[in-house]
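Novice: This is a predicted model, with the sequence first.
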Amino acid sequence: MEFRTLTNVSVDEILTVFNLSFSDYIVPFHLTKEVLTSKIAAEKLNMDISVGGFEDGKLVSFILQSEAIEDGQKIIYNGGTGVIPESRGKGLVRKMYDFIIPVLKERNAEVLLLEVIEGNAAAIRAYENLGFKIVRKLLCFRGNIRSEQENAEITIKKMAEFQWDSLRSFWDIEPSWQGSVYVLDPMPEIYTTMGAYADDKLVGYIIYNSTARKVLQVAVHKEYRKQGIGRMLFKTIVDGSPIAINNVDDVSKETKEFLDQKIGLENWLSQFEMKRTI
């Protein structure tokens, strides 16, 4: 068995192993090349710090990773770990981390970050054995938006510029990696942002991926809540198809109530965010 970065590994090879690895996952799914390429670009996954396990020269496992500096710390985000079924039970996840952590230390990385499905007890134990600790619970929602009467005093229009300091002031919770400012700035072309305005004052916004039908961020100014603005923002992305918003911090009861009781989305899945220092 050989371990090395994925620098010179093709997307096609990663895709094959990705789909094999997740074919019997707790939530099975299958990616197309287009979707995987989009994921790599959107989450700023870096093949120079991603790692693979190779058996007889063939990729059989991987950890896809990205890096960012937040609050003065360099954080390495695990955007996906996979091991094909026939190569499991060999400790490959630990061995991949054993290989890549010295590489990450050379880049002055300090923290490892990942997400794992709440019901995946085996994976949670494995990561805990590697030194990861659960730091928060994240909720995933999906479904169709309820139709409600609009607030006639609010105008919705597309946003072209982003003043993150101002937008951050709307937040009650910190977004997870996929919706972080690092990932969204500069805004990828596949995302669209709509703003809600009251007398030309920005009072809310929503960022979404129309292809994947996923909301990355949504927030309303604290002084303008419970006025139907959030529902209006969601309605801008509705075309009759279900939408999703992932990794909402469980501590925000107001956000959870809005998503499931006000606009009708279902909390169908929960994840744990886990961290460890290196």
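Specialist: Arrived safely, thanks for sending. Residues are numbered from 1 along each chain as shown.
Novice: gap between the two ends of stretch 118-132?
Specialist: End-to-end distance for stretch 118-132, by CA to CA, to the nearest Å: 14 Å.
Novice: Mind listing what's buried along that stretch?
Specialist: 118, 120, 123, 124, 126, 127, 130, 132 (16 or more other CB atoms under 10 Å). Quick note: C-beta positions are derived from backbone N, CA and C, even for glycine.
Novice: May I ask which two of those are separated the most?
Specialist: Greatest spatial distance in the buried residues of stretch 118-132: 118 and 130, 18.2 Å, computed using CB to CB.
Novice: Skipping adjacent residues, who's closest to residue 194 in space?
Specialist: Nearest residue to residue 194, sequence neighbours excluded (CB to CB, 6 or more residues apart in numbering): residue 236, at 4.8 Å.
Novice: how about the one you found, what does it touch?
Specialist: Neighbour list for residue 236: 156, 194, 206 [criterion: CB atoms under 8 Å, 6 or more residues apart in numbering].
Novice: The first one - that's part of a strand, no?
Specialist: Yes - membership of residue 156 in a strand is supported by DSSP: H, G, I helix; E, B strand; the rest coil.
Novice: If I follow the layout properly, it ends up in contact with residue 196?
Specialist: Yes - assessed by CB atoms under 8 Å, residue 156 is found in contact with residue 196 at 5.6 Å.
Novice: Could you list everything residue 67 pairs with in the sheet?
Specialist: Counting by DSSP bridges, residue 67 is bridged to residue 76.
Novice: Which strands and helices lie in contact with the helix or strand where residue 61 lies?
Specialist: Using DSSP states H and E, residue 61 maps to strand 58-70. Applying 3 or more CB pairs under 8 Å, 6 or more residues apart in numbering; DSSP states H and E, we find strand 58-70 packed against helix 11-21, strand 51-55, strand 73-83, helix 92-106.
Novice: Ok, which of those comes nearest residue 165?
Specialist: strand 73-83 (19.9 Å).
Novice: okay, which residue is most central for this structure?
Specialist: residue 178 (3.1 Å; CA atoms, centre = their mean).
Novice: how would you label it: helix, strand or coil?
Specialist: helix.
Novice: related to what we said a few turns ago, out of the contacts of residue 236, flag the one nearest to residue 63.
Specialist: Among the contacts of residue 236, residue 206 lies closest to residue 63 (CB to CB), at 31.5 Å.
Novice: Domain map for this protein?
Specialist: Per automatic domain parsing, the structural domains of the chain span 2-109, 141-271.
Novice: Quick one: closest of these to residue 277.
Specialist: So among the domains of the chain, domain 2-109 is nearest, using CB to CB, at 9.2 Å.
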